[in-house]
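Engineer: Sequence and predicted structure below; questions after.
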Amino acid sequence: MADKELDAGKRRFLIAATSVAGGIATVATAVPLVASMLPSERAKAAGAPVEADIGKLAPGEMTRVEWRGKPVWVVRRTPEMLESVKQSSGRVADPRSERKKELTPEYARNELRSIKPEYLIVVGICTHLGCSPVDKFKAQAEPFESDWKGGFYCPCHGSLFDLAGRVYKNKPAPDNLEVPPHTYLSDTRIRIGEDSKGA
Ligand code: FES
């Protein structure tokens with residue numbers, strides 16, 4: 001009898017743990033699951049800042065962090081990628097992110113849209129109708145752009161973004177990708193959801 005109760009207890013724990021994992025991934029639509037979240041996960045879903053270790057990110061790589069149910073991309077840009085941003089400045093609609101200031105914190109309102117040139121940190125949601133653009137980092141001729149310098153392509157309606165998340169001219173997306181509030185805790189650790197004070 002005691003064993004049976006123990007097994008039932010284990011099962012309940014496993015179901016609760018599974019609910020927590022599911023709730024993190026689908027928090028925007030799965031409100032009932034919030035009740036079963038651990039306090040820290042509940043706080044994250046409500047908008048608390050999240051921290052990420054970016055120390056293992058190799059040049060040219062991207063990692064994804066979830067913040068407020070949104071995907072945040074962190075790209076470690078190579079010198080070539082940074083050069084491609086400069087080359088794209090004449091082709092993008094809002095090169096210094098001046099149109100919608102709420103999408104770019106003041107400390108990222110520059111050509112590279114970043115605090116540290118090496119790292120791009122943007123919300124991976126297209127500003128047109130909310131699709132998820134795909135990364136196309138390699139500079140090469142693409143079916144959607146013969147003189148492609150590298151960046152992000154939104155397959156839904158063809159918007160293009162450079163390696164600073166700046167939207168190309170004459171595309172459906174009205175704005176650059178959002179830069180979330182963020183700050184560096186160290187050279188290898190960032191906090192997303194909190195503004196940088198020192199930049
Ligand atoms: S949702 Fe990205 S171009 Fe329409």
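Structural biologist: Perfect, I can see it now.

Engineer: how about the nearest residue to Gln140, chain neighbours excluded?
Structural biologist: Trp148 (6.1 Å; Cβ to Cβ, 6 or more residues apart in numbering). In this view, the C-beta of every residue, glycine as well, is placed from N, C-alpha and C.

Engineer: What number of residues are in the vicinity of the nearest residue to Gly55 once chain neighbours are set aside?
Structural biologist: What sits nearest to Gly55 in space, not counting adjacent residues and going by Cβ to Cβ, 6+ apart, is Thr188, at 3.2 Å. By other Cβ atoms under 10 Å, the residues close to Thr188 number 12.

Engineer: How about Ser132?
Structural biologist: 13.

Engineer: circling back to that earlier point, got the phi/psi numbers for the residue nearest to Gly55?
Structural biologist: Here is the backbone geometry of Thr188 (degrees, to the nearest 10): phi -120, psi 0.

Engineer: For the closest residue to Pro95 other than its chain neighbours, grab phi and psi.
Structural biologist: The shortest distance from Pro95 to any non-neighbouring residue, by Cβ to Cβ, 6+ apart, is to Ser89 (4.9 Å). The phi and psi values for Ser89, taken as degrees, to the nearest 10, are phi -60, psi -30.

Engineer: dump the residue contacts of the residue nearest to Gly55.
Structural biologist: Contacts for Thr188 (Cβ atoms under 8 Å, 6 or more residues apart in numbering) come out as 53-55.

Engineer: Put the buried members of those into a PyMOL selection.
Structural biologist: What follows is the PyMOL syntax selecting those of the contacts of Thr188 that are buried according to 16 or more other Cβ atoms under 10 Å:
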select buried, resi 54
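
Engineer: Just the closest of the contacts of Thr188 to Leu163, please.
Structural biologist: Distances from Leu163 to the contacts of Thr188, taken as Cβ to Cβ, are shortest for Ile54 (16.6 Å).

Engineer: Verify the stated contact: that closest one with Arg76.
Structural biologist: Yes: between Ile54 and Arg76 there is a contact under Cβ atoms under 8 Å: 7.2 Å.

Engineer: overlap in contacts of those two?
Structural biologist: The contact sets of Ile54 and Arg76 overlap at Tyr119 (Cβ under 8 Å, 6+ apart).

Engineer: Let me see the ranges of the helices in this structure.
Structural biologist: Ranges of helices in the chain, per DSSP state H, are 2-25, 39-45, 79-88.

Engineer: Just give me the lowest mean pLDDT stretch among those.
Structural biologist: The stretch with the lowest mean pLDDT among the helices of the chain is helix 2-25, at a mean of 44.

Engineer: Specify the beta-bridge partners of the spatially most central residue of the chain.
Structural biologist: Central residue of the chain (Cα atoms, centre = their mean): Val72, 1.5 Å from the mean position. Beta-bridge partners for Val72, by DSSP bridges, are Val65, Val123.

Engineer: Worst mean pLDDT across the helices and strands of the protein, which element?
Structural biologist: helix 2-25 (a mean of 44; mean pLDDT, DSSP states H and E).

Engineer: now do the same end-to-end measure for stretch 70-83.
Structural biologist: 28 Å (Cα to Cα, to the nearest Å).
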